[in-house]
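Visitor: next come a sequence and a model predicted from it.
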2 protein chains.
Amino acid sequence: MAEEKNTQERLVWAVAVCRERGLRRTKAMKELLRVLIEAKGPLTLSDLCGVQSLSEQCDKATVFRLLGRLQEKGVIRRLGLHERAAYYAFAYPGEHFDYLVCTDCGKIEALELDCPVEVLEKEVMEQTGFSGLYHELEFFGSCPQCVG
Amino acid sequence: MAEEKNTQERLVWAVAVCRERGLRRTKAMKELLRVLIEAKGPLTLSDLCGVQSLSEQCDKATVFRLLGRLQEKGVIRRLGLHERAAYYAFAYPGEHFDYLVCTDCGKIEALELDCPVEVLEKEVMEQTGFSGLYHELEFFGSCPQCVG
DNA sequence: GTACCTGCAAAACCTTTGCAGCATC
DNA sequence: GATGCTGCAAAGGTTTTGCAGGTAC
């Protein structure tokens, strides 16, 4: 229940942000956001198109273009994660995840660490003159199942 | 001079490791390692194939397969860096770089930070049961030139 | 001599775009 | 009604693989 409400809150927030920033409120957009919000971890374009509720709603090209727009408006984040394909994850204000990836089976876990990198961010900005900094941190290794 | 010697030392180390771990000492391998060692930052497969000394030496498919083997033997590292193509960088023991990427012009800088993440690594291993952990940390933002 | 490595070429994948029609505002 | 969004289909890039021949050991 609390879960359910949480999803709803996030969805409302995300749609509102998108509207404010000029996007139209389409069914495909809402469904894509819902899937990303409920996902356990980051998903690829292929993953997303494999979700029936979404593929019934719209085409792959549309999902692709939506991902670009949603990222631009700041409600989702694009991740590298060492794989060939790009991953996308919902980005709620004040939440930041780092990721733990198994290099053998490809499993991805989100870690909500008390991340010491945030302090570094300011330092790097000052030293390099870069602005609007954010970071991506991933740990790679072998998960217990793969080590056997 | 010191630079030169440094390159040489690294090359010798890398070739030795590769030999020990079962790879053959080919010209292509040595040239690829030399290019990666002398590179200022991480390079893509395309970048590498654009280097004349290397493209004269071997085919793109060979570079691709070499990159896989070198990574497997632990002398180079594969990076995501948010781009479509994978990046590769030389990995000398005890050295670790984090990266600063301009999201506007794509410029990549290596940062040799006193990285607080190394401490976290052990913690994550203990909590998750993952083994052989390493990490990748990237900062993204706009460089001074792009902000104008 | 054997096992591994290479070149060439083609296949496989993921991403990106053009254009005509449709939905949202 | 105007503008932005969608579907379909095709193009663009990067990565990956098969196979016959060459090379390191």
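Guide: Looks like it arrived, so ask away. Numbers count the residues shown, from 1 in each chain, chains lettered A, B, ... in the order given.
Visitor: could you list the buried residues of stretch A:8-18?
Guide: A:10-11, A:14-15, A:18 (16 or more other CB atoms under 10 Å in any protein chain shown). For glycine as for every other residue, the C-beta is placed from the backbone atoms N, C-alpha and C.
Visitor: so which of the residues you listed comes closest to A:V75?
Guide: Compare each of the buried residues of stretch A:8-18 with A:V75 using CB to CB and the shortest gap goes to A:A14, at 4.4 Å.
Visitor: can you give me every residue that contacts the closest one?
Guide: A:33, A:37, A:70, A:75, A:90 (CB atoms under 8 Å, 6 or more residues apart in numbering or on different chains).
Visitor: do the same with A:E95
Guide: A:E112.
Visitor: now it: how far from B:E138?
Guide: A:E95 sits 19 Å away from B:E138, going by CB to CB, to the nearest Å.
Visitor: where does chain A have low pLDDT?
Guide: For chain A, the stretches with pLDDT under 70 are A:1-5.
Visitor: kindly recompute the last result at 90.
Guide: A:1-6, A:40-41, A:80-84, A:94-96, A:103-107, A:112-120, A:134, A:145-148 (pLDDT under 90).
Visitor: domain assignment for chain A?
Guide: Domain assignment for chain A, taken from automatic domain parsing, gives A:1-93, A:96-148.
Visitor: how about those in JSON lines, adding distance to DNA strand D?
Guide: As requested, those are exported to JSON lines (distance: least, CB to the nearest atom of the strand, whole Å):
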{"stretch": "domain A:1-93", "distance to DNA strand D": "3"}
{"stretch": "domain A:96-148", "distance to DNA strand D": "12"}
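Visitor: so which of these is nearest B:Q52?
Guide: Among the domains of chain A, domain A:1-93 sits nearest to B:Q52 (CB to CB), with 27.8 Å.
Visitor: dig out what A:L79 forms beta bridges with.
Guide: A:Y87 (DSSP bridges).
Visitor: pretty sure it contacts A:A91?
Guide: No - between A:L79 and A:A91 there is no contact under CB atoms under 8 Å: 10.3 Å.
Visitor: so for the two, which sits in the more crowded spot?
Guide: A:L79 (22 against 19; other CB atoms under 10 Å in any protein chain shown).
Visitor: now for the more buried one: which residues touch it?
Guide: A:42, A:86-89, A:99, A:136, B:80, B:82.
Visitor: and DNA strand C, which of those residues reach it?
Guide: Of the residues in the contacts of A:L79, proximity to DNA strand C by CB under 7 Å from any atom of the strand holds for A:A86.
Visitor: pick the one among the contacts of A:L79 closest to B:E56.
Guide: Nearest to B:E56 among the contacts of A:L79, counting by CB to CB, is B:G80 at 29.6 Å.
Visitor: the lengthiest strand in chain A: what's the following helix or strand?
Guide: In chain A, with assignment by DSSP state E, the single longest strand is strand A:131-142. Using DSSP states H and E, the helix or strand that follows strand A:131-142 in sequence is helix A:144-147.
Visitor: in that next one, what's buried?
Guide: Buried residues in helix A:144-147 (16+ other CB under 10 Å): none.
Visitor: cool, and stretch A:20-36?
Guide: Here stretch A:20-36 shows A:23, A:29, A:31-36 as buried, counting by 16+ other CB under 10 Å.
Visitor: could I get these as JSON lines with secondary structure?
Guide: Formatted as JSON lines, those follow (DSSP: H, G, I helix; E, B strand; the rest coil):
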{"residue": "A:L23", "secondary structure": "coil"}
{"residue": "A:M29", "secondary structure": "helix"}
{"residue": "A:E31", "secondary structure": "helix"}
{"residue": "A:L32", "secondary structure": "helix"}
{"residue": "A:L33", "secondary structure": "helix"}
{"residue": "A:R34", "secondary structure": "helix"}
{"residue": "A:V35", "secondary structure": "helix"}
{"residue": "A:L36", "secondary structure": "helix"}
